[in-house]
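>>> predicted model follows, preceded by the sequence.
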Amino acid sequence: MAKAMKYRDVERALLANGCTWKQGKGDHIKWYCPSSCGKHIAVVTQARNVSAGVVADAITKLACLPAGWLQ
Ligand SMILES: [Zn+2]
């Protein structure tokens with residue numbers, strides 16, 4: 001099961017895996033999987049802590065990243 005994480009740790013893992021981001025509405029950040037794939041998008045709220053539900057959603061949505069990329 002996913003665990004809540006600090007946003008900066010999520011961000012670091014995303015960047016380390018070649019993901020890119022764009023500002024969405026409000027405090028939502030759209031994270032795009034590496035351009036070699038380009039088919040997956042996850043929205044992560046830019047708060048100090050990212051809830052377990054959002055962490056799990058990002059792992060599910062960014063399906064092309066290697067298993068265990070975030071947790
Ligand atoms: Zn992808």
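Alright, I've got the coordinates. If you're wondering where the values come from, they're calculated on a predicted model, not measured in any experiment.

>>> from here on, contacts and neighbour counts on C-alpha atoms
Fine.

>>> which SSE is the residue nearest to the spatial centre of the chain in?
With distances taken as C-alpha atoms, centre = their mean, Ala58 lies nearest the centre of the chain, 4.7 Å away. Per DSSP states H and E, Ala58 falls inside helix 52-61.

>>> mind giving me the packing neighbours of that helix?
Secondary structure elements in contact with helix 52-61, counted by 3 or more C-alpha pairs under 8 Å, 6 or more residues apart in numbering; DSSP states H and E, are strand 41-45.

>>> any part of the strand it packs on near the ion?
No: taking C-alpha under 5 Å from the ion as the criterion, strand 41-45 and the ion are apart, separated by no less than 7.6 Å.

>>> paired strands for whichever helix or strand comes after that strand, with orientation please.
Downstream of strand 41-45, the next assigned helix or strand under DSSP H and E is strand 49-50. According to DSSP bridges, strand 49-50 forms sheet pairs with strand 5-6 (antiparallel).

>>> show me the contact partners of the partner strand.
Strand 5-6 is contacted by residues 48-52, 55 when judged by C-alpha atoms under 8 Å, 6 or more residues apart in numbering.

>>> got the residues of this protein near the ion?
The chain comes close to the ion at residues 33, 37-40, 64, as judged by C-alpha under 5 Å from the ion.

>>> pull out the buried members of these.
The neighbour-count criterion (16 or more other C-alpha atoms under 10 Å) marks 33, 40 among the residues of the chain next to the ion as buried.

>>> Val10: which of the residues of the chain next to the ion is nearest?
Within these, the smallest distance to Val10 is 13.6 Å, found for Cys33 (C-alpha to C-alpha).
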